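Undergrad: Fold the following, please.
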Amino acid sequence: MYRETNIRSIVKGISWRFVATGTTITIVYLFFGRLDLAVAAGVIETGLKVALYWGHEKIWQRIRFGKKRIEPFNVWFTGLPLSGKSTIADKVYEKLQKLDIPLERIDSKDIRELIPDLGYTREERNRHMKRIGHLIQTLQKNSISTVASFVSPYRESRKAIRTMVKNNIVVYVKADIQTCRKRDYKGVYEKALNGELKNFTGISDVYEEPKHAEIVIDTEKVDPDEAAETVYRYIKKHYIK
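TA: Next comes the predicted model:
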């Protein structure tokens with residue numbers, strides 16, 4: 001979250017003074033018909049009220065009455081490789097950034113580049129998910145919400161994430177294998193079919209569909225922009241009112 005600096009409060013006070021002082025000078029002049037008296041009243045009022053305004057703002061910054069804290073949330077995109085998770089997650093992230101809330105984007109590719117020796121067995125993936133859950137927990141303790149996209153093929157690892165973090169929103173990005181293969185600009189499905197990639201989700205390893213996803217996006221029926229808008233509206237309705 002952001003705090004208002006002293007200089008911002010002072011600049012706001014000065015800008016308002018131009019409006020208020022002009023009004024005061026005009027009123028005094030209209031009542032008494034003396035420009036010198038009107039200007040003097042305006043100058044005195046300006047100095048006094050800028051100081052009072054600054055003090056008033058500082059006092060209200062310390063009062064919580066009327067403020068509502070935005071609880072951090074985690075949007076968790078899951079689905080087969082090349083189903084469209086990252087594309088939609090990026091668009092949702094861009095929309096949420098405009099709301100000026102503390103926010104981080106976490107993508108599987110970026111994390112695996114940081115930890116290149118991670119494996120793809122069930123045990124290794126589950127252990128990896130717990131690390132990601134811990135990372136999100138830490139960010140949430142600092143009021144930072146997250147938009148995360150991971151294949152996360154196993155129900156137990158997604159359940160672990162839901163248990164670990166607050167306000168978890170599972171978005172199942174649905175697409176069948178044939179559709180994902182058509183989108184495979186990386187050639188990873190062909191490598192998996194040729195046996196070059198082991199434990200590849202959808203080919204040589206399972207993808208267990210979520211049973212309790214908050215949102216299901218069928219990417220064969222909606223485009224990424226529509227999907228991102230659906231997720232964005234859900235978040236605004238439930239977490240940013």
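
Undergrad: Tell me the helix or strand right after the longest strand seen in the chain.
TA: Taking DSSP state E as the criterion, the chain has its longest strand at strand 168-174. Proceeding C-terminally, strand 168-174 gives way to helix 177-182 as the next helix or strand, assigned by DSSP states H and E.

Undergrad: next one: the next helix or strand after that following helix to chain centre, how far?
TA: In the C-terminal direction, the helix or strand that comes right after helix 177-182 (DSSP H and E) is helix 188-193. Here helix 188-193 is found 33 Å from its chain centre; the criterion is CA atoms, centre = their mean, to the nearest Å.

Undergrad: Quick one: mean pLDDT for helix 188-193?
TA: For helix 188-193, mean pLDDT is 94.

Undergrad: same thing with stretch 73-85?
TA: Regarding stretch 73-85, the rounded mean pLDDT is 97.

Undergrad: mind listing what's buried in it?
TA: Neighbour-count burial for stretch 73-85 flags 73-85 (criterion: 16 or more other CB atoms under 10 Å). For every residue, glycine as well, the C-beta is placed using N, CA and C.

Undergrad: which residue packs closest to residue 87, ignoring adjacent ones?
TA: residue 224 (5.0 Å; CB to CB, 6 or more residues apart in numbering).

Undergrad: What is the neighbour count of the one you found?
TA: The burial metric for residue 224, expressed as a neighbour count using other CB atoms under 10 Å, is 17.

Undergrad: Tell me if I'm right that it and residue 94 touch.
TA: No: counting by CB atoms under 8 Å, residue 224 does not reach residue 94; the two are 11.4 Å apart.

Undergrad: what residue is smack in the middle of this protein?
TA: Residue closest to the average C-alpha location in the chain (CA atoms, centre = their mean): residue 103, at 4.0 Å.

Undergrad: residues touching it, list them.
TA: The contact partners of residue 103, by CB atoms under 8 Å, 6 or more residues apart in numbering, come to 93, 96, 97, 144, 145, 146, 147.

Undergrad: Please narrow those to those residing in helices.
TA: Within those, residues falling in helices by DSSP state H are 93, 96, 97.
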